[in-house]
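> no sequence for this one, just the structure:
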């Protein structure tokens, strides 16, 4: 994919945050979109989505979150609050007026908490394979052990892609590696920082924050992802105005496996933000994933 973005750097409390600014419109009828990757990920995972959104007239910014990618590698503060403050700083510093905030996995969790803590800041929030339930005990250590098991340095991009799952998922993860002087490919993160970034998630649930969100909401889950049926049912019960979709045959990295399907859902949701009442309310968005009429009427599907 031809590079057609520029790097924008935001500094918050001494922490460098690198952003891929794809430009685009971002007018009142096409809200700006901010994209947040998941744990151990990078802004480039959203390239395919960013290209599509920009072609539809949206201003698009993808963020390397703290501890990831080209952003500060060793931040002292890895709290959920720090990640939220970073998202707000990017929105403020880049002059993004009431953008839609889209996040996958840990990025989706950050997006949820940002929407809850800052009423009126966003036009909409999208959670891709993310939710408010309490994480299982030991999940951070398990993920840390997996990250430390990577056979780095990888001798080639092809070797990295194979180890990381192959196909579009392996390609997406491998694209975030950096080549060092030894000729090998290394992650742009430290496993210890990743473990610390998950430290709060097993200590509590976040249902109060979920209930506090005041903007339209879209939840996209994978058929074979990490969001359980109980968690998803709780999300729908707690917010009956939720617009939701499940993508069959997909795993946790939905945005890499099915960027086309995700784009259709995003465009339906973003289009519905222009309708009276917005998506997920009377006069809002229809949840059919294909051929969406953004102002056709509301219901939730899974």
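Now that the structure is in, tell me what you want to look at. Everything numeric here is computed off the predicted structure, so don't read it as measured data. Numbering: from 1, shown residues only.

> Residue 16 reaches residue 73, doesn't it?
No. Using C-beta atoms under 8 Å, residue 16 is not in contact with residue 73; the gap is 9.1 Å. For the C-beta atoms, the positions are set from N, CA and C on the backbone; glycine is no exception.

> which residue is nearest the centroid of this structure?
Compute the mean C-alpha point of the chain, and by C-alpha atoms, centre = their mean the closest residue is residue 103, 1.7 Å away.

> sec struct for it, please.
At residue 103 the chain is in strand, as set by DSSP: H, G, I helix; E, B strand; the rest coil.

> now it, which residues is it bridged with?
Counting by DSSP bridges, residue 103 is bridged to residue 36, residue 127.

> That one and residue 239, how far apart?
According to C-beta to C-beta, to the nearest Å, residue 103 stands 17 Å off from residue 239.

> swap in residue 125?
Taken as C-beta to C-beta, the span from residue 125 to residue 239 is 11 Å.

> who's more crowded, those two?
Set residue 125 next to residue 239 and count neighbours by other C-beta atoms under 10 Å: residue 125 wins out with 26 against 18.

> That one touches residue 107, doesn't it?
No. Contact criterion C-beta under 8 Å: residue 125 and residue 107 do not qualify, at 11.3 Å.

> quick one: common contacting residues for the two?
Counting by C-beta atoms under 8 Å, 6 or more residues apart in numbering, residue 125 and residue 107 have no shared contacts at all.

> just how off-centre is the longest strand along the chain within its chain?
Using DSSP state E, we find that the single longest strand of the chain is strand 15-23. The chain centre lies 15 Å from the centre of strand 15-23; the measure is C-alpha atoms, centre = their mean, to the nearest Å.

> buried residues in that strand?
Judged by neighbour count (16 or more other C-beta atoms under 10 Å), strand 15-23 contains these buried residues: 15, 17-22.

> what secondary structure does residue 48 sit in?
Classification of residue 48 using three-state DSSP returns helix.

> Just to check, it is in contact with residue 258?
No. Counting by C-beta under 8 Å, residue 48 stays clear of residue 258, with 10.2 Å between them.

> what about residue 76, how many neighbours?
Other residues lying near residue 76 total 12 when counted by other C-beta under 10 Å.

> what residue ranges in the stretch 201-302 of the chain score low on pLDDT?
Applying pLDDT under 70 to the stretch 201-302 of the chain picks out residues 274-302.

> Recalculate using a threshold of 90.
272-302 (pLDDT under 90).

> Equivalent analysis for the stretch 1-150 of the chain, please.
1-3, 24-31.

> Could you check which helix or strand contains residue 66?
Per DSSP states H and E: residue 66 is located in neither a helix nor a strand.

> contacting residues for it?
Counting by C-beta under 8 Å, 6+ apart, residue 66 makes contact with 15, 17, 72, 75, 77-78, 82-83, 86.

> next one: residue 105
For residue 105, counting by C-beta under 8 Å, 6+ apart, the contacting residues are 37-39, 41, 128-130, 226, 252.

> for residue 157, same thing?
174, 177, 185.

> can we see that at 10 Å?
Taking C-beta atoms under 10 Å, 6 or more residues apart in numbering as the contact definition, residue 157 lies against 170-171, 174-175, 177, 179, 185.

> Output those as CSV; include the columns pLDDT and distance to residue 269.
Below are those laid out as CSV (pLDDT from 0 to 100; distance: C-beta to C-beta, whole Å):
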residue, pLDDT, distance to residue 269
170, 98, 28
171, 98, 26
174, 98, 30
175, 98, 26
177, 98, 32
179, 97, 37
185, 98, 36
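
> which among the residues you listed gets closest to residue 92?
residue 175 (28.7 Å; C-beta to C-beta).
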